[in-house]
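K.L.:
Just the structure for this:
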Amino acid sequence: LATDPHMRSVMMVPAPSYTGCSGLCSYHNHGLHACGSARVPLRVRVRHGGGLLHPFRYHTRAASPAFLLQCRAIAPNVVGSATTAMQSVITAAGTIAALTAALVLYDEAQDVNGGFQKTKEVANDVSSADENPTLLYVAVPEGGANNAPVVLVLHEFFGLLQREAELCDELAREGFVAVAVDLFQGRSTRLVPRAIFLAVNNCLRPGATWGQSEVEAGLKHAAALGADVTRAGVIGFCVGGGAAARFAANTGAVRSLGVFYGKPLDDEAQAEALARAKTSVWAAYGGRDNQFSASDVDAYERLLTNASVREVCFERYPEEGHAFVRDLATVRAGTGAASDAWCSCVAFLKRTLQGVGTGAA
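P.N.:
Presented below is the predicted three-dimensional model:
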């Protein structure tokens, strides 16, 4: 700790404990603020291992010999204990980061070396209309696929898993040919860090395709089964919700769009494209979603409404966070937000694709 007689030079502290300037609080608590007369700014820099962590200013009074003596007396204790604490925090953070990276790499290796077994175990079909086949899960209504309306189902950031297959089976019981599309080229996971990587790499990074070619392959496959793709809809969850919205806007290929807490569109041109395609839009968001705020959702709804999209129906669940439709069990519970949102979406799809409740064929 060093200073000039008038406290106008820089005070350098190697590493005070950093919880809201607690190093400075220690100085203040030791009565250092009461010495001298004129208030002058004092700049303190916190350093650890030679690297600057944080600069800030603190106004104190001009120094007196007693102030300097007090500084010299308390500095070793403040610096010593603070350095130890900082080293412990850095060591713990480094350990957690290393373990997380190791788990992600191990999960990736298991997925790749196992031939993407987790997704292959779920998929029961593969697209045949393109050079790079896409894994699919297809559920057909009891009466068969011929002339039945289609619903494409796009998965969360974990990839195509059993959850999507079960939801497709539910849609087939409602009379739809339901096709769950693998957006991640066979990759899937249960680890959030790796799921984030998969979502960013395939959808969220600048220039990403949001799996548009895979979704197109799923729609072509439904057509090959004899389904009526002029009555097609697409729904998606989480990152799949964002992918569904972008597929609908970019292709104009679907009548109905269902978004479960997906990344909102923010482009007027995309909203106008939905309007031109006469696509109806349904969406559900939780009021406690930590990814999309209430104002984000309001702006999304306003964007679509201002573009004169054919139908805009937004459902809000104030007590729910992100990804509240967790699995088929929550849907079948018959009560709660997940069941309510799913039933609302299915009613929307039946009305816009089957004409149920409208008097249309």
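K.L.:
what's the helix or strand for Glu216?
P.N.:
If you go by DSSP states H and E, Glu216 is part of helix 212-224.
K.L.:
For that helix, C-alpha coordinates in CSV please.
P.N.:
Taking Å, rounded to 0.1, in the frame of the first residue of the first chain, the C-alpha atoms of helix 212-224 are listed here in CSV:
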residue,chain,number,x,y,z
GLN,A,212,-34.9,-25.3,-42.5
SER,A,213,-33.7,-28.0,-44.9
GLU,A,214,-34.5,-30.7,-42.3
VAL,A,215,-38.0,-29.3,-41.8
GLU,A,216,-38.6,-29.2,-45.5
ALA,A,217,-37.4,-32.8,-45.7
GLY,A,218,-40.0,-33.7,-43.1
LEU,A,219,-42.8,-32.0,-45.0
LYS,A,220,-41.8,-33.8,-48.2
HIS,A,221,-41.7,-37.1,-46.4
ALA,A,222,-45.3,-36.5,-45.2
ALA,A,223,-46.3,-35.8,-48.8
ALA,A,224,-44.7,-39.1,-49.9
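K.L.:
Mind listing the residues bridging to Val126?
P.N.:
Leu135 (DSSP bridges).
K.L.:
How confident was the prediction at it?
P.N.:
For Val126, the model assigns a pLDDT of 94.
K.L.:
shouldn't it be in contact with Val138?
P.N.:
No: counting by CB atoms under 8 Å, Val126 does not reach Val138; the two are 9.7 Å apart. Where C-beta positions appear, they are placed from N, C-alpha and C, glycine not excepted.
K.L.:
The two: which is more packed in?
P.N.:
Val138 (21 against 14; other CB atoms under 10 Å).
K.L.:
mind listing the strands in the chain by residue range?
P.N.:
With strands called from DSSP state E, the chain shows them at 11-13, 39-48, 51-61, 125-126, 135-139, 149-154, 177-181, 228-237, 256-260, 280-286, 311-317.
K.L.:
low-confidence ranges in the stretch 251-361 of the chain?
P.N.:
The stretch 251-361 of the chain contains residues with pLDDT under 70 at 358-361.
K.L.:
Helices of that one, start to end?
P.N.:
268-276, 294-306, 328-332, 336-349 (DSSP state H, counting those that start in this stretch).
K.L.:
For Tyr285, find the nearest of the ones you listed.
P.N.:
helix 294-306 (4.7 Å; CB to CB).
K.L.:
quick one: that closest one to strand 280-286, angle?
P.N.:
Counting by axes from the mean of the first three to the mean of the last three CA atoms, to 10 degrees, helix 294-306 lies at 170 degrees to strand 280-286.
K.L.:
Tabulate the CA atom coordinates of helix 294-306 in PDB.
P.N.:
Coordinates of the C-alpha atoms in helix 294-306 are reproduced here as PDB (Å, rounded to 0.1, in the frame of the first residue of the first chain):
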ATOM      1  CA  ALA A 294     -43.100 -10.000 -21.000                       C
ATOM      2  CA  SER A 295     -42.100  -7.000 -23.000                       C
ATOM      3  CA  ASP A 296     -40.400  -9.300 -25.600                       C
ATOM      4  CA  VAL A 297     -43.600 -11.300 -25.900                       C
ATOM      5  CA  ASP A 298     -45.800  -8.200 -26.200                       C
ATOM      6  CA  ALA A 299     -43.500  -6.900 -28.900                       C
ATOM      7  CA  TYR A 300     -43.800 -10.200 -30.800                       C
ATOM      8  CA  GLU A 301     -47.500 -10.200 -30.700                       C
ATOM      9  CA  ARG A 302     -47.600  -6.500 -31.700                       C
ATOM     10  CA  LEU A 303     -45.300  -7.200 -34.700                       C
ATOM     11  CA  LEU A 304     -47.600  -9.900 -36.000                       C
ATOM     12  CA  THR A 305     -50.800  -7.900 -35.400                       C
ATOM     13  CA  ASN A 306     -49.400  -4.800 -37.100                       C
END
